[in-house]
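Enquirer: Let's see this in three dimensions:
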Amino acid sequence: MLVIGIAGGSGSGKTTVAHAVVNKLGDENVALISQDSYYADLSHLSPEQKQHINYDHPDSFDNHLLVQHLKSLREGQPIEVPTYDFSTHSRTNKTLHVPSKPVVVIEGILILAAPELRNQMDIKVFVDTDPDVRILRRVMRDINERGRTLESVHEQYLTTVKPMHEAFVEPSKRYADLIIPEGGQNEIAIDLLTSLIERYI
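Expert: Next comes the predicted model:
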């Protein structure tokens, strides 16, 4: 089994790149996992306490569970991926059944910042996109898909997203085997990545 890690800042287009890989190689060959599904469950905290959590810090993810799941997939075992509710910052009681496949693509902002996750990857990719493009995409997504207000998105960006990007996400680029500028718009880089993966399957 081949594990591909696709990292990049919030709104960089890494999810678009990941889906492009799946589309080119086929659902039967590729399992796609998002690091967002592995946010730590905060259902035990009050709404006020949740507002003070830094969701862009590496500690906000349950990487231990994610590593366990990647190891299970390597052993040919299916996994049950948590379902995370961003409006309540807690896991739901539903899971997503993911069978083991020849290729696993895992995407997330901080997957290259965690040594225990990097150790599970065969190919590490970083999607590099201009900050102004990333913030506009994040604003649209958080308002339209996650029920946030413009004010809360603005505050979160300045207090945690931007500082954590500079502290953890951007430095993790040095671990990448392949850097894709401009994300999902870069067809040449995506074709190069998929051609590389096809050699293994």
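
Enquirer: Okay, and the beta partners of Leu96?
Expert: According to DSSP bridges, the partner residues bridging Leu96 are Val81.

Enquirer: got the contact list for it?
Expert: Leu96 makes contacts with 37, 80-81, 83, as judged by Cβ atoms under 8 Å, 6 or more residues apart in numbering. All C-beta atoms are positioned from the backbone trio N, CA, C, and that covers glycine.

Enquirer: Average pLDDT for the helix or strand hosting Val21, rounded please.
Expert: Val21 is located in helix 14-25, with elements delineated by DSSP states H and E. The pLDDT scores in helix 14-25 average 92.

Enquirer: got the buried residues for that helix?
Expert: Going by neighbour count (16 or more other Cβ atoms under 10 Å), the buried part of helix 14-25 is 14-18, 20-22, 24-25.

Enquirer: Just give me the neighbour total for the closest residue to Ala18 other than its chain neighbours.
Expert: Residue nearest to Ala18 in three dimensions, not counting chain neighbours: Glu107, with 4.3 Å by Cβ to Cβ, 6 or more residues apart in numbering. Other residues lying near Glu107 total 24 when counted by other Cβ atoms under 10 Å.

Enquirer: The most centrally placed residue in the chain: what's it in contact with?
Expert: What sits nearest the mean C-alpha location of the chain, by Cα atoms, centre = their mean, is Gly108, with 1.5 Å. Under the criterion of Cβ under 8 Å, 6+ apart, the neighbours of Gly108 are 7, 14, 34-36, 38, 61.

Enquirer: and if we set it to 10 Å?
Expert: For Gly108, the contacting residues are 5-8, 14-15, 18, 33-39, 61, 63, 66, 114, 117, 169, by Cβ atoms under 10 Å, 6 or more residues apart in numbering.

Enquirer: where exactly do the helices run in this structure?
Expert: 14-25, 47-50, 63-74, 115-118, 131-144, 150-156, 162-164, 187-198 (DSSP state H).

Enquirer: Just tell me which of the ones you listed ends up closest to Val98.
Expert: The closest approach between Val98 and any of the helices of the chain, judged by Cβ to Cβ, belongs to helix 63-74 at 7.5 Å.
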